[in-house]
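Chemist: sharing a model prediction with you, sequence too.
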Amino acid sequence: MSAEPDGPEGRLRRLTTIWSRAVFPVTSTSLTRPEFEERLLPLARRLSRALLARVFDAAEGEAVGAALVDAHCTAPEALSRSLDCLDAYLVLYCGQGGDQEDLRARCSRLQHAMAAGFARALRERTLAEQEAIAQAALRAQGVVAQALHTSEARFRAVFEGAAIGIGIADLEGNVLQVNGALLRMFGGSEQGLRSRNVQDWTHTEDAPQVWRLYEELVRGEREHYHVEKAFHRPDGTVLWTNLTVSLLRDADGNPQYQLALMEDTTERRLLNLRLRYEATHDALTGLPNRTLFFERLEKALNAGEGRRFGLCYLDLDGFKTINDSLGHAVGDRLLVEVADRLQACATAPGEMVARLGGDEFVALTTGTDTRHEVDELAARIMNALVAPIRIDGRELTVRGSIGVVEGPVGERSAAEVLRSADITMYRAKSAGGNRFELADPEADARAITRHGLTTALPTALDRGEFFIEYQPLVHLGDGRVRGAEALVRWLHPQHGIIGPDRFIPLAEHTGLIVPLGRWVMEQSVRQAREWRELYDAESAGPLRINVNLSPCQLHHPGLVQDTVEILERAGVQPDALCLEVTESALIGADDDLLKPLRRLAEMGVDIALDDFGTGYSNLANLRRLPVSILKLDRSFTQSMQRFPADPVDLKIVEGIVALAHSLDLAVTVEGVETGAQAEQLRVLGCDTAQGWYYARPGPPERLHELALADATG
Amino acid sequence: MERPAWAPRSIDISVPSVARIYDYYLGGSHNFEVDREAARKAMEFMPGLPRIMQANRAFMRRAVEFALDEGITQFLDVGSGIPTFGNVHEIAQAARPGARVVYVDHDPVAVAHSQAVLEGNEDADVVAADLRKPREILESPPVRRLIDLNRPVALLLVAILHFVEDTDDPYQAVAQLRDALAPGSLLILTHASHEGIPLPEERSESVADVYKDIRNPLIMRSRDRIARFFEGYDMVEPGLVPMASWRSRTAPEDEDPYAFSGFAGVGRTA
C-alpha cells in the first residue's frame, strides 16, 4: 500500500514499523520481520481508529491484545514493549488535530484494555494447550496401557499354556511366580514352590558350574545360562531338566528378576541312558562292546604322563568247531559262560573286559604298574578257562590264545594297540594256541607290512603302481635272443620297488591275482607285438613272451577266454605267448584242470613247466600234461657255476634233457650267471637259457638293444 | 487379572520429552514442568536456545515453501513433535489445499497430540514409528494411504538426526528412506553442531549433557558428517549452510547471532 509519507496512512505505517522492530526480537514466530509488520498493520489501524472514534470503545484494545497472542507474541516482553511503543507513538502519529489531553486519556485506556486482552488470550491459550497436552498424554497412556494389556493377555496365555515350565524369582532367589507346567513337573503345590528359595534347589548331580553361573547372573555379570540340572521332587523322585535362566533388567538396565525356563528331560534322559547302554554293551553277554571298549582304551591312552596300560586280546581256540558241531545255541551259551568267567578276572579298579565280537574278548588294565598286572591278568584268564564248561550235560573244554600288549600311554593310537594285540594273538595261535604271547615290535612290523601291502593291493592296480620288467631268453645254440620272461614289479609309494615273491602270494590270497595277471598278460602281449613289428626281420625267429600263471589263475574259468581276447586284441599269434605254470600247481591236477591248458596248447600257446625238479616231479605225469617246455629250476645250474661242476648234477641234467627231448619237450635253464655255465648247459643239450650272464630283468628297451646287438653281432 | 510384577509401567510423563522441550522454546504451553525444568537448565548454558529453535522453524517454513514451488505436494515429516505453530500441514495446505502430510514421531504423547490436531483433516495423518526403523515408517497405513512413493516426496528430517546415535546407524536409516523415494524428491534436513554457535564449545557440551541426563543424548556432528546424510542427493543451492543462511529473506545483520548455529540443507534425488 502506498501512502503519502506524511499523510495519515504513511504515519500509521511508520508507527507499525517502530512497533514491529520493538516486538519482533521477542516473538517466536517463523515469519520474517517485514511479514510480521504486515500482521501488526491492521492492529495498529484498529488502535488508531479507536483513538479517534466519535464514541470511544476500549474493547478494541482488548481485541488487539488478543491478536498479539494469536501472532505468537506470547512472551511477556512482547506486551510490555508493545505498550511502551504505543504509549510513546500512538498519539504522536495518529492523534493529529484532536484534543491532546483527551487523546492521551483514550490511549491510556486502550493500553489497559490491551493488557487485559493479552492476558485473557494468553491465559486461554495456555490453558487450552495445557489441556491439549494433558489429553494427549492421557490418550497416549491409554494407548500404551491398551497395548500393554493386550501383550499382557498374550503373555499370560503363553505363560499359562506353555508346555515348558516357567518361573520367576527375584535376585535374592525368592520364587515369585510359576506356571502350571512347572507345577506339574515338580508335582507340588504352588504354595509349596513359592515358599522356596531358588538356592535351596541343589542336587548331588549338579555340575560344578551350575551355581557359579547362578551367582554371575544374579550379580548382573551374565545375561543368561543354560544347563542340564536335576531337582528333587517332593515325592523323592528326581526331575531332570534342560534349564535356561535369563536375567531381566529394568528400564535403567539394573538387574531385577531372574526368569527360568525348564524342560522336563527325565524320560528322555532315561531313554538316552538305556540307548547308550544298548549302544555300548553286547546284547548276548552284557559285556561292554567294541564301542565302549574303544572309548575306554582311547581315554586310557590319553591319560597323563607316567600312566601305562595293559591289554589282553583273547580269541578262543576251536570255537568254530563247537559252533559247527553243536550249534549256535550251544556256542552262544559257551560265550556267555566265558564272558562271566572273564568278568570275574578283571574286577580291580581300572580293569575292564569287553567282547569285540564273535569269540574275541579283550581285557584292559590301566595304572602305573601294568607290566606286572597284565601278566597276572593274562594268567588269570588262562586259568579261568581251565575248568571245562558244562552245557546240557556236556563238558566242553575251552582254550584260548591271548595276545598281550603293554606299554606307556600316549605313544600309540587305540587302533594301533589293538592291531598289535591281534597280531600277537595270532602268533600265540600259530604257536599252537592255549597260551599267551607278549607283543614284539619286530614281529608286529612284519605283520603290519604284510597287512599294509594286502590292504594297498586293490588300489595299486587302479593307480598304475605295477610295472613289468623283461628278462631275455637266449638260444644256447646260436646265442640269439628268442624272447623274454615278463616279471611284474610293484612300485609302492612308501616301500619302493617290491618283488613278486612278496606280493603275489598276497594277491593270490585276496583274489586280486586274476585282474593283476590279466593286466600282466595284456601288457606283455602288447610288448611282444611291438618287438615282432620291430625285429622280426633281423632276429632268427619270432620273439616270444613268457608270462607266469599262478595257481589261482589256472583255476579261473575265464582263463582261455581272456587269453584269446588279449591275443586277438593285440593282433598277435598264439605262438608268441608262452605261459609258465609251476610244477607244484599241477600236482594231482585232474583233467578238468588241465582242460584249459590243453585248449590253449591246441591253439598254439606254449606251456612251460616252471621250477621243474623242485617239487614232487612225477615224471610219468609229464606225458599227460599239455606242456612243450621244461624250465629247470636254478638249483640244478647253481653247482655249474663252480668248476669243475658236480658230476652228479651234470648227470641229472643230462638225464632230464634226454627225457625231455624224448617227449618232444624243449628245455630252458634259469640262473645262468657265467660263460662256463652257459657252455656246459649247451653241451648238455639245453635249448634256451636265462640269467644274469645274459641280462638282468629290465625295461623293454633293453631287450631291443640285446636283440639288435645279436642281429648285428 | 493380576499384573505380573516385572511388567513395565505405562509411559512416564515425569520424564522430560525433547518434543515438549522444543515446544517450550517456541513459546508453547504443550509441556509439563519437568520439560520446562530441563529447558531452563539448558538455557542457563545457552540463553539463545529459543532463537536457534526459531531459526530452525523459519528454515523449515522456507524449505517447505521451496518444495511447494518445486511442485511437491507430499510431505513426510519424521520427528514432527508438538510445536504450537508453523507445522508442515499448516504451511503446505494453506498454499496448496489437498497437499498431503504424514507426521512421524516415536513419542506417544506427540503422536496423540498430532492425532487431536489433525482430526477431520483428510489429507494429513500421524504415524507412531521410529526413524531407526524406516521400514515401519514406509509400510505404515497412513504412509501407504496418503503418500504415493512413485511421485516426488519432501522428506523432512528437521532437528531429529542429532538425537540418533551412531550405534543406531542413522546413515543406514537415511539411505533406506532415500532408496524408497521417487526421483525429484527432496530431503529437508537440519542438524545441531558445535559449529556456528556463538559460544565456547564447553557451553554447547553442557547443553548436550542436559539432554544426556534426560536419556535423549544430543549428538553434535561436524559439517562433514552431516553432509554425509545427503549421499545420493544433489544439493540444492546454497548447499549445506548455517540455518539462517539458507535462502533467507532477512538481511544477515538483522538475524539473531544464534540463528547461524547448526546446519540446514535441502537435497534432491536424481
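Modeler: Looks like it came in fine.
Chemist: any idea how many residues pack against A:T455?
Modeler: Neighbours of A:T455 under the rule other C-beta atoms under 10 Å in any protein chain shown: 11. Yep, even glycine has a C-beta here, placed from its N, CA and C like the rest.
Chemist: likewise for A:L284?
Modeler: If we define neighbours as other C-beta under 10 Å, then A:L284 has 13 of them.
Chemist: before we move on, what about B:L156?
Modeler: When neighbours are counted by other C-beta under 10 Å, B:L156 registers 27.
Chemist: for A:N548, same thing?
Modeler: Number of residues near A:N548 (other C-beta under 10 Å) recorded here: 21.
Chemist: is it true that it lies in a strand?
Modeler: Yes: A:N548: assigned to a strand according to DSSP: H, G, I helix; E, B strand; the rest coil.
Chemist: okay, and A:Q527 sits in which element?
Modeler: helix A:513-535 (DSSP states H and E).
Chemist: try A:A344
Modeler: Element membership of A:A344 [criterion: DSSP H and E] is helix A:328-345.
Chemist: restricting to C-alpha, output that helix in CSV.
Modeler: Output of helix A:328-345 as CSV, limited to C-alpha atoms (Å, rounded to 0.1, in the frame of the first residue of the first chain):
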residue,chain,number,x,y,z
HIS,A,328,24.9,-121.8,17.6
ALA,A,329,22.7,-122.1,20.7
VAL,A,330,25.5,-124.0,22.5
GLY,A,331,28.1,-121.7,21.1
ASP,A,332,26.2,-118.7,22.5
ARG,A,333,25.9,-120.3,25.9
LEU,A,334,29.5,-121.1,25.9
LEU,A,335,30.3,-117.4,25.1
VAL,A,336,28.1,-116.3,28.0
GLU,A,337,29.9,-118.6,30.4
VAL,A,338,33.3,-117.4,29.1
ALA,A,339,32.2,-113.8,29.5
ASP,A,340,31.2,-114.4,33.1
ARG,A,341,34.5,-116.0,33.9
LEU,A,342,36.4,-113.2,32.2
GLN,A,343,34.4,-110.6,34.1
ALA,A,344,35.4,-112.3,37.3
CYS,A,345,39.1,-112.0,36.3
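Chemist: beta partners for the nearest residue to A:E337 once chain neighbours are set aside?
Modeler: In this structure, A:E337 finds its nearest non-sequential neighbour in A:I389, 4.9 Å apart by C-beta to C-beta, 6 or more residues apart in numbering or on different chains. Using DSSP bridges, the bridge partners assigned to A:I389 are A:L396.
Chemist: which helix or strand contains whatever residue of the stretch 251-400 of chain A ends up closest to chain B?
Modeler: When scored by C-beta to the nearest C-beta, the stretch 251-400 of chain A has A:Y257 as its residue closest to chain B, at 4.8 Å. In the assignment (DSSP H and E), A:Y257 maps to strand A:255-264.
Chemist: thinking again about what came up before, bridging residues for the residue of the stretch 251-400 of chain A closest to chain B?
Modeler: On the basis of DSSP bridges, A:Y257 is bridged to A:D170, A:L248.
Chemist: tell me, how many residues neighbour it?
Modeler: Neighbours of A:Y257 (other C-beta under 10 Å): 19.
Chemist: again with B:F32
Modeler: B:F32 has 20 nearby residues by other C-beta under 10 Å.
Chemist: what ranges do the helices span in the stretch 501-650 of chain A?
Modeler: Taking DSSP state H, counting those that start in this stretch as the criterion, the stretch 501-650 of chain A contains helices spanning A:513-535, A:551-555, A:559-570, A:583-586, A:591-603, A:634-638, A:647-662.
Chemist: tabulate the ones you listed (JSON lines), appending mean neighbour count.
Modeler: Below are the helices of the stretch 501-650 of chain A laid out as JSON lines (neighbours: other C-beta atoms under 10 Å in any protein chain shown):
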{"stretch": "helix A:513-535", "mean neighbour count": "20"}
{"stretch": "helix A:551-555", "mean neighbour count": "18"}
{"stretch": "helix A:559-570", "mean neighbour count": "17"}
{"stretch": "helix A:583-586", "mean neighbour count": "20"}
{"stretch": "helix A:591-603", "mean neighbour count": "16"}
{"stretch": "helix A:634-638", "mean neighbour count": "18"}
{"stretch": "helix A:647-662", "mean neighbour count": "15"}
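Chemist: which among these is found nearest to B:F230?
Modeler: When the helices of the stretch 501-650 of chain A are compared by C-beta to C-beta, helix A:513-535 sits nearest B:F230, at 76.6 Å.
Chemist: just the CA trace of the closest one, in CSV.
Modeler: Output in CSV follows, covering the C-alpha atoms of helix A:513-535 (Å, rounded to 0.1, in the frame of the first residue of the first chain):
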residue,chain,number,x,y,z
ILE,A,513,45.8,-112.1,-8.8
VAL,A,514,43.2,-112.6,-11.5
PRO,A,515,42.9,-108.9,-12.7
LEU,A,516,46.6,-108.4,-12.0
GLY,A,517,47.5,-111.5,-14.1
ARG,A,518,45.2,-110.3,-16.9
TRP,A,519,46.9,-106.9,-16.8
VAL,A,520,50.4,-108.5,-17.0
MET,A,521,49.3,-110.7,-19.9
GLU,A,522,47.9,-107.7,-21.7
GLN,A,523,51.0,-105.6,-21.3
SER,A,524,53.3,-108.4,-22.2
VAL,A,525,51.4,-109.4,-25.3
ARG,A,526,51.3,-105.8,-26.5
GLN,A,527,55.1,-105.7,-25.9
ALA,A,528,55.5,-108.9,-27.9
ARG,A,529,53.7,-107.3,-30.8
GLU,A,530,55.9,-104.3,-30.7
TRP,A,531,59.0,-106.4,-30.8
ARG,A,532,57.7,-108.5,-33.6
GLU,A,533,56.9,-105.4,-35.6
LEU,A,534,60.4,-104.0,-35.0
TYR,A,535,62.7,-107.0,-35.1
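Chemist: for chain B, what are the nearby residues on the stretch 1-150 of chain A?
Modeler: Taking C-beta under 8 Å from any C-beta of the partner chain as the contact definition, the stretch 1-150 of chain A meets chain B at A:25, A:27-30, A:32-34, A:72, A:74-75, A:125-126, A:129-130, A:132-133, A:135-141, A:143-145, A:148.
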